[in-house]
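Enquirer: Need a 3D model of the sequence below.
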Amino acid sequence: MRKLFKRIVYFFLFIFVLVNILSASQAYYFTRFYDNIKPQSGAQMGISGMLLGVPLPKSIISDSLKISHYNVTLNTQDGLKLASWHLQHGSSDSVKAKGTIIMFHGHGSSRSGVINEASSFYNLGFNVFMIDFRAHGQSEGNISSIGYYESRDVKAAYDYIAAGGEKNIVLWGISLGAATITKAMNDYPNVQPKKIILEMPFGSMLAAVEGRVRIMGMPDEPIGVLLTFWGGTELGVWAFSNKPEEYVKAITCPVLLQWGKSDPRVSEKETDAVYANLASKEKTLKEYDGIAHESICTKAHEKWMQNVSTFLK
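Expert: Residues are numbered from 1 along each chain as shown. Predicted coordinates for the structure are as follows:
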C-alpha cells in the first residue's frame with residue numbers, strides 16, 4: 001500500500017508539473033509577437049506547437065485609408081517608439097474639426113484594423129489619431145502585457161495630442177484598447193479626455209484569458225488561472241490585479257459602453273460590472289444583437305453610427 005500511495009503521489013506531481021510547464025510556455029507565446037514570422041495553421045504547428053504554443057507574427061500594416069494622413073512616431077516613458085497615423089481636417093474643409101479622437105485597437109491587431117471606425121469618426125467632423133500598441137504593427141517591442149504596460153502607450157498618445165493644444169479629446173478603444181484606456185485613466189491623473197467610447201472591454205485580465213481559452217475549445221478553469229499566473233510572472237507583474245472593472249471607478253467623464261450580445265470572449269456579466277462601476281454621471285450602455293467579438297462599426301454600421309454620433313454631439 002505504501003508503494004502504491006507513493007506512485008499515486010508521484011503521478012499527480014508529474015501531472016501538476018507538466019500542466020504548469022505547458023501553461024508557462026503557452027502564456028509566454030500569447031504575450032509576444034515577432035517580426036518576420038509567418039502565421040501557422042494547426043497542421044503546421046504539430047502536436048508540440050499546439051501544446052507548447054508557437055511564436056506569433058506581429059500584425060501587418062495595410063494602409064487602405066482613403067483620407068489624407070501622415071505618420072507620427074511617439075516615444076513612451078519606457079523608451080519604445082510607437083507608430084501612428086494622424087488624420088486632420090485642413091483649413092480648406094467646409095467645417096472646423098470638432099475635436100480629436102484617439103483610437104486604440106485590440107490584441108493582435110493594429111491601426112489598420114480600425115480604419116472603418118477612423119473613417120467614420122473623420123466623416124463626423126473629428127480629427128483622428130490612431131496608434132499601434134507596443135509589439136503590434138510597426139511599433140517597437142515584442143512583448144504585449146494585455147493592457148498593463150500599454151497604458152503608457154495611451155498616455156503617450158494623449159500627451160501628444162494635448163500638447164498640440166487640442167481641448168476636446170475623445171478616447172476610443174476596442175477590446176484590449178478599451179481595457180487599456182481604463183487603466184491609463186486610473187494610473188495617470190493628467191489623462192482627462194472629455195469623453196470616452198469603450199467597446200467590449202474585458203472585466204479583468206483573468207476574464208480575458210478565460211475568454212480566449214473558451215474560444216479555443218478548452219475549459220476556462222483552471223487553465224485560465226494558470227495562464228494568467230504564468231503570463232504575469234513572466235512579465236514581472238501580478239496579472240490578477242489588472243481589472244478594468246475596478247479601474248472605471250476613477251472615470252467621471254461621459255462614457256459610451258458598447259457590447260455585442262453574441263460575444264464569446266467578453267461576457268454580459270463583465271460588461272454589466274464595468275457599466276455599474278463607472279463613476280461617470282453620464283454613461284450609456286448600448287448592446288447589439290448578433291454581434292460577436294468583432295468590429296461593431298463594420299457589422300452594424302448604421303446603428304453604430306447613430307449611437308456614436310448621438311454620444312459625440
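
Enquirer: Could you measure from Val255 over to Val248?
Expert: Remark: distance between Val255 and Val248 (C-beta to C-beta, to the nearest Å) = 8 Å. For glycine as for every other residue, the C-beta is placed from the backbone atoms N, C-alpha and C.

Enquirer: shared neighbours of the two, anything?
Expert: In terms of C-beta atoms under 8 Å, 6 or more residues apart in numbering, Val255 and Val248 are both contacted by the residues Leu278.

Enquirer: Looking at the two, which is more packed in?
Expert: Set side by side, Val255 and Val248 show more neighbours around Val248, with 30 against 25, by other C-beta atoms under 10 Å.

Enquirer: Do I have it right that that one meets Ala276?
Expert: No. If you go by C-beta atoms under 8 Å, Val248 and Ala276 don't touch, sitting 9.1 Å apart.

Enquirer: Please enumerate the strands of the stretch 151-300 of the chain.
Expert: For the stretch 151-300 of the chain, the strands defined by DSSP state E, counting those that start in this stretch cover 169-174, 195-199, 255-260, 283-288.

Enquirer: Contact partners for Pro219?
Expert: Val213.

Enquirer: Gly203 versus that one, what's the distance?
Expert: For Pro219, the distance to Gly203 - C-beta to C-beta - is 19 Å.

Enquirer: same deal with Arg2?
Expert: Arg2 is 48 Å from Gly203, by C-beta to C-beta.

Enquirer: neighbour count winner among those two?
Expert: Gly203 (23 against 6).

Enquirer: Relative to Pro244, how far out is that one?
Expert: For Gly203, the distance to Pro244 - C-beta to C-beta - is 6 Å.

Enquirer: Can you check which residues contact both of these two?
Expert: Val274.

Enquirer: where in the stretch 51-200 of the chain is pLDDT low?
Expert: The stretch 51-200 of the chain contains residues with pLDDT under 70 at 51, 91-95.

Enquirer: Phe126 against Thr100, yeah?
Expert: Yes. Between Phe126 and Thr100 there is a contact under C-beta under 8 Å: 6.5 Å.

Enquirer: and for these two, which residues touch both?
Expert: Common neighbours of Phe126 and Thr100 (C-beta under 8 Å, 6+ apart) are Val170.

Enquirer: mind putting the strands of the stretch 151-300 of the chain in CSV, distance to Ile37 included?
Expert: Shown next, in CSV, are the strands of the stretch 151-300 of the chain (distance: least, C-beta to C-beta, whole Å):
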stretch, distance to Ile37
strand 169-174, 24
strand 195-199, 28
strand 255-260, 30
strand 283-288, 34
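
Enquirer: Among these, which comes closest to Ala239?
Expert: Closest to Ala239 of the strands of the stretch 151-300 of the chain is strand 169-174 (C-beta to C-beta; 19.3 Å).

Enquirer: just checking, what packs against the closest one?
Expert: Strand 169-174 sits against strand 100-104, helix 115-123, helix 151-163, helix 176-187, strand 195-199, with contacts defined as 3 or more C-beta pairs under 8 Å, 6 or more residues apart in numbering; DSSP states H and E.

Enquirer: contacting residues for the residue positioned nearest the centre of the chain?
Expert: Residue closest to the mean C-alpha point of the chain, counted by C-alpha atoms, centre = their mean, is Leu176 at 1.1 Å. By C-beta under 8 Å, 6+ apart, the residues touching Leu176 are 104-107, 133, 146-147, 150.
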